[in-house]
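Novice: predicted coordinates and the sequence they were generated for:
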Amino acid sequence: MRFAIKERVPGTLARRGRIETAHGVIETPAFVGAATKATVKTLTPAELRELGCPAVLGNTYHLYLQPGDALVREAGGVGAFMNWAGPTVTDSGGFQVFSLGAAFGEKVSKLANVEQTKSPQKARSEGDEANAHGKLVTVDEEGVTFRSHIDGSSHRFTPERSMQIQTNLGADIIFAFDECTSPAADKEYQPSPMCHHQAG
């Protein structure tokens, strides 16, 4: 695995780079296919290649629930599982902390104007408030407890568990487990203990 900056735009942060992985090269910036459940909706892997897609991104939370990271590992990793020969990336499951937690059932996105919503994120400080309001996530300083959106079963993600699942998924690039906080959360919540724990 190698990354090199090939060109910079003077006076800006813009740059062009090259990521070399075991399954191919990604020239950055890159438009990566969102293969949430090991498939890019409406497109086959062959069509992705024809379009010049350099890599695909799988979703750790969704692949963990279905078909399961152990099954994907047995198939040779997410690339082999979906018949994709190029580079693969998996996220950490961190976005689902937001989408199934603070944002669940609310009119708020990760880019929302704070004035548009009155749904501050308080699950950590008020125990099981998330469950009391029908949320599917409870956050604490060590990780996150999810209730499956499929069958309601309980699952626990910690930074270590996210890494284990992503290793099983066999992606070329994996992400550290994070919490995508709500833009409606107060200033004190943003630099949260969970964020500090995961960064360390």
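Specialist: Yep, it's here.
Novice: what ranges in this protein fall below the confidence cut-off?
Specialist: 98-134, 182, 190-200 (pLDDT under 70).
Novice: show me where it has strands.
Specialist: For the chain, the strands defined by DSSP state E occupy 2-8, 15-21, 24-28, 33-34, 56-58, 88-90, 137-140, 143-147, 154-157, 173-174.
Novice: so for Ala80, which of the ones you listed sits nearest?
Specialist: With CB to CB as the criterion, Ala80 lies closest to strand 88-90 of the strands of the chain, at 9.5 Å. The C-beta positions use only the backbone N, C-alpha and C, and glycine is treated the same way.
Novice: just checking, what packs against the closest one?
Specialist: When contacts are defined as 3 or more CB pairs under 8 Å, 6 or more residues apart in numbering; DSSP states H and E, strand 88-90 sits against strand 56-58, helix 78-81, strand 173-174.
Novice: would you mark the buried spots in the longest helix along the chain?
Specialist: In the chain, taking DSSP state H as the definition, the longest helix is helix 159-169. Within helix 159-169, the residues that count as buried by 16 or more other CB atoms under 10 Å are Pro159, Arg161, Ser162, Met163, Ile165, Gln166, Asn168, Leu169.
Novice: can you tell me which of the residues you listed lies closest to Ile5?
Specialist: Gln166 (25.4 Å).
Novice: the closest one touches Tyr61, doesn't it?
Specialist: No. Taking contacts as CB atoms under 8 Å, Gln166 lies outside contact range of Tyr61: 10.8 Å.
Novice: can you pull the contacts of the residue nearest the centre of the chain?
Specialist: With the centre of the chain defined as its mean C-alpha position, the nearest residue by CA atoms, centre = their mean is Asp91, 3.2 Å away. By CB atoms under 8 Å, 6 or more residues apart in numbering, the contact set of Asp91 is Leu57, Gly58, Asn59, Thr60, Phe175.
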